[in-house]
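Novice: A structural model of the following input is requested.
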Amino acid sequence: MPFLIFLGVCFILLMWVVGIYNGLVRKRNGFKNAFSQIDVQLKRRHDLIPNLVETAKGYMKFERETLEAVISARNQAVKATDKVSSDPANPELMKQHLSAEGVLAGAMSRFMAVAEQYPDLKANQNMMSLQEELSSTENRVSFARQAYNDAAMTYNNAREIFPNNLISGIFNFQAAVFYEIEEAADRAVPKVGF
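Specialist: Numbering: from 1, shown residues only. Reported below is the predicted structural model:
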């Protein structure tokens, strides 16, 4: 009889551990899914940028350095996004991604500031259309980031509370990295309208 009680207690403990583990997996998958929504919007933004630069090239003949900086920053951001997409739970990849996106935001801000100096470019219908799409995409990225951070917070809370923290430590559930802007200058929203 004591052996059956011992087996019953072991079974209950095992089911309890399985329940916590499965809950943590669900929440981890939730924040990974939320990141994939950011990824979709970033890919859209990354695809719009070359079109903007190409449209501006004819007007901004003397701004080659600015145009090259935007394309270079965009390419670095694409690479960083591709890397982190495979493992959004990796804090190092997430930091590299956030850094690359910050550089791209700065380059785009400079590009838009320089583009302001070209009245013909501001009046170009294609440029206005691309700017509208970029502005819409920026809003979508913002909403996706907020959803990701909410999912990451839920996951982090679940992995840190007792007794879940015991299970998350045993099974090496790493903390989710929040999608934050580190540099104050990068917090400024790029101006995309003329």
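Novice: so how far is Ser136 from the residue nearest to the spatial centre of the chain?
Specialist: For the chain, the residue nearest the mean C-alpha position is Ile38 (5.0 Å; C-alpha atoms, centre = their mean). For Ile38, the distance to Ser136 (C-beta to C-beta, to the nearest Å) stands at 15 Å. (Each C-beta comes from the backbone N, C-alpha and C, glycine too.)
Novice: ok, back up a step: what about the residue nearest to the centre of the chain, which helix or strand?
Specialist: For Ile38, the host element (DSSP states H and E) is helix 2-57.
Novice: who are the packing partners of that helix?
Specialist: In terms of contacts (3 or more C-beta pairs under 8 Å, 6 or more residues apart in numbering; DSSP states H and E), helix 2-57 is packed against helix 64-86, helix 91-115, helix 125-160, helix 164-170.
Novice: which of the ones you listed sits closest to Arg45?
Specialist: helix 125-160 (4.7 Å; C-beta to C-beta).
Novice: burial count for the residue lying closest to Val78 once chain neighbours are set aside?
Specialist: Closest residue to Val78 apart from its sequence neighbours, by C-beta to C-beta, 6 or more residues apart in numbering: His46 at 5.1 Å. The number of residues packed near His46 is 18, by other C-beta atoms under 10 Å.
Novice: run through the residues that contact His46.
Specialist: Contact analysis of His46 by C-beta atoms under 8 Å, 6 or more residues apart in numbering lists 74, 77-78, 81.
Novice: same check on Met60?
Specialist: Applying C-beta under 8 Å, 6+ apart, the residues contacting Met60 are 66-67, 114-115, 118, 121.
Novice: most surrounded residue in these?
Specialist: Ala115 (23 neighbours).
Novice: so is Phe173 in a helix, a strand, or just coil?
Specialist: coil (DSSP: H, G, I helix; E, B strand; the rest coil).
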